[in-house]
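K.L.:
Below: sequence and its predicted model.
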Amino acid sequence: MPFTRKEEIVSEEGWYKDPYGRHESRWISDGTPTALVRDAGVESQDPPPDEPITVGMERGPEATRPDGTDLKRADDAESQHFDPQAMTDAAEEGIDSSW
């Protein structure tokens with residue numbers, strides 16, 4: 001059953017303070033608590049109990065930025081240049097030194 005906030009159904013997705021009080025945060029998907037939980041930054045699974053939610057929604061801190069700005073792309077212009085010949089040379093050196 002989706003969370004409600006002042007008679008309004010919350011269909012957001014993200015980390016919220018665990019309304020059951022078992023964990024620091026619980027992932028909410030389309031307003032419904034999921035089994036994905038987080039404590040001290042460590043994610044694990046704990047299915048939500050079959051009990052009504054009696055507390056209000058409180059947004060938790062995000063582990064990553066939802067806009068993806070913390071991600072690096074493989075074709076990022078700021079990334080180091082990939083030299084396939086240097087990779088091949090390093091592999092051959094490793095193989096040669098193991099003989």
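P.N.:
Everything's here; your move. Residues are numbered from 1 along each chain as shown.
K.L.:
what about Met87, neighbour count?
P.N.:
Met87 has 10 neighbours, counted by other CB atoms under 10 Å. Backbone N, C-alpha and C define where each C-beta goes, glycine included.
K.L.:
The strand or helix carrying it packs against which elements?
P.N.:
Following DSSP states H and E, one finds Met87 within helix 84-97. Packed against helix 84-97, as judged by 3 or more CB pairs under 8 Å, 6 or more residues apart in numbering; DSSP states H and E, are no other helices or strands.
K.L.:
If you average the pLDDT over it, what comes out?
P.N.:
Helix 84-97 shows a mean pLDDT of 82.
K.L.:
Stretch 36-47 now?
P.N.:
Mean pLDDT, stretch 36-47: 93.
K.L.:
Can you dump the C-alpha atoms of that stretch in CSV for me?
P.N.:
What follows is stretch 36-47, C-alpha atoms only, in CSV (Å, rounded to 0.1, in the frame of the first residue of the first chain):
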residue,chain,number,x,y,z
LEU,A,36,15.8,-2.9,-0.3
VAL,A,37,17.2,-1.3,2.9
ARG,A,38,20.3,0.6,3.9
ASP,A,39,22.2,1.0,7.2
ALA,A,40,25.4,3.0,7.5
GLY,A,41,25.6,3.1,3.7
VAL,A,42,25.4,-0.7,3.3
GLU,A,43,22.5,-2.0,1.3
SER,A,44,20.8,-5.3,2.0
GLN,A,45,17.4,-6.9,1.7
ASP,A,46,14.6,-7.1,4.4
PRO,A,47,11.0,-7.5,3.1
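K.L.:
Need the contact partners of it.
P.N.:
With CB atoms under 8 Å, 6 or more residues apart in numbering as the contact definition, stretch 36-47 has outside contacts at Trp15, Asp18, Arg22, His23, Glu24, Ser25, Arg26, Trp27, Ala35, Gly60, Ala63.
K.L.:
Can you point out the buried residues in it?
P.N.:
Going by neighbour count (16 or more other CB atoms under 10 Å), the buried part of stretch 36-47 is Leu36, Val37, Arg38.
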